[in-house]
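A.B. asks: below are the sequence and a predicted model for it; my questions follow.
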Amino acid sequence: MIRLLARIGAPALGLLAVTGRLAIFTARTLSHLARPPFHGRELGRALFQIGWLSLPVVGFTALFTGGALALQIYAGSDRFGAQEAVPQIVAIGMVRELGPVLVGLMVAARVTSSIAAEIATMKVTEQIDALVTLSTHPLKYLVLPRVLAATLVVPALVAVGDVIGIMGGWIVATERLGYVSGPYLRSSLDFLERVDWISSLVKGGVFGFLCALLGCWFGMTSGRGAMGVGRATKGAVVAAAIAILAANLLLTEAFFAA
């Protein structure tokens, strides 16, 4: 019995220890927001890499998902004679759930892995130690710009993804399913409420924060050598994906629980 409890308790204690270290890492990173100097060039570079360079994958993902969603909703609603609900369901599905989650997962796949690999490589090659010898704080120079940029720019990516996803459903509905363009778009937009858009943007900010933070955390705590970089990159993407799905559940509960 004691041996069984030890097997259960050791991973639980390890998880709590990692959670505590991550919380301290987060607090230390955010504390640098109010302390100069500010590395504007690093922030601008992070905004470009996370935001602009992610647009193609976000756009194609949202477009194809919106089109597939329209086909699926139409096939399901056709059984009950409720085809007129397709525009509304596609719109609310993209804005409330699929848009933010898919954009978050794409950012995790593209950005979190890149951040973790970059910082882990810098650690392996002792570039982070070099920053310290030059009196440059690694958290302020490497972590804060990336976390701040992701938190600011991912909501914009989510907004773009929402719109492109709705347009993907519109293209499929008008070209494939026989819907009329004007009424379809009016039904889509009139059905959405302000809280739907607000929840979508808030989710984007939270997901962006988690993606960048976990990428930086795994990079800064990576092991030595190529194997350490690989493990850090893999762990960062997996952790970011799980964190996004968990945060999505909590935020959906907060915004839409009756």
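C.D. replies: That came through, no problem.

A.B. asks: from here on, contacts and neighbour counts on C-alpha atoms
C.D. replies: Will do.

A.B. asks: how many neighbours does residue 50 have?
C.D. replies: Residue 50 has 25 neighbouring residues, counting by other C-alpha atoms under 10 Å.

A.B. asks: so where do the helices sit in this structure?
C.D. replies: 2-31, 40-50, 55-77, 86-92, 99-107, 113-124, 127-133, 138, 144-175, 181-191, 194-220, 225-256 (DSSP state H).

A.B. asks: contacts only, for the residue lying closest to residue 54 once chain neighbours are set aside.
C.D. replies: Leaving aside its sequence neighbours, residue 54 sits nearest to residue 107 (C-alpha to C-alpha, 6 or more residues apart in numbering; 7.2 Å). Shown in contact with residue 107 (C-alpha atoms under 8 Å, 6 or more residues apart in numbering): 50, 54, 208, 211.

A.B. asks: with residue 207 instead?
C.D. replies: 104, 151, 154, 244, 247.

A.B. asks: pull the number of nearby residues for the third one.
C.D. replies: Here the number of neighbours of residue 154 (other C-alpha under 10 Å) works out to 29.

A.B. asks: cool, and the second one?
C.D. replies: By the other C-alpha under 10 Å criterion, the neighbourhood of residue 151 contains 23 residues.

A.B. asks: so who does it touch?
C.D. replies: Contacts of residue 151 (C-alpha under 8 Å, 6+ apart): 204, 205, 206, 207, 208, 209.

A.B. asks: among those residues, which one has the most neighbours?
C.D. replies: For the contacts of residue 151, neighbours tallied by other C-alpha under 10 Å; top is residue 208, 33 neighbours.

A.B. asks: chain center to the helix or strand of the chain with the lowest mean pLDDT, what's the gap?
C.D. replies: Ranked by mean pLDDT, DSSP states H and E, the weakest helix or strand in the chain is helix 2-31, scoring a mean of 82. The chain centroid and the centroid of helix 2-31 are separated by 23 Å under C-alpha atoms, centre = their mean, to the nearest Å.

A.B. asks: just stretch 64-83 next, same as before
C.D. replies: Remark: stretch 64-83 is offset 26 Å from the chain centroid, using C-alpha atoms, centre = their mean.

A.B. asks: so for that stretch, mean pLDDT?
C.D. replies: On average, the pLDDT along stretch 64-83 is 85.

A.B. asks: please apply the same query to stretch 226-244.
C.D. replies: Per-residue scores along stretch 226-244 average to 93.
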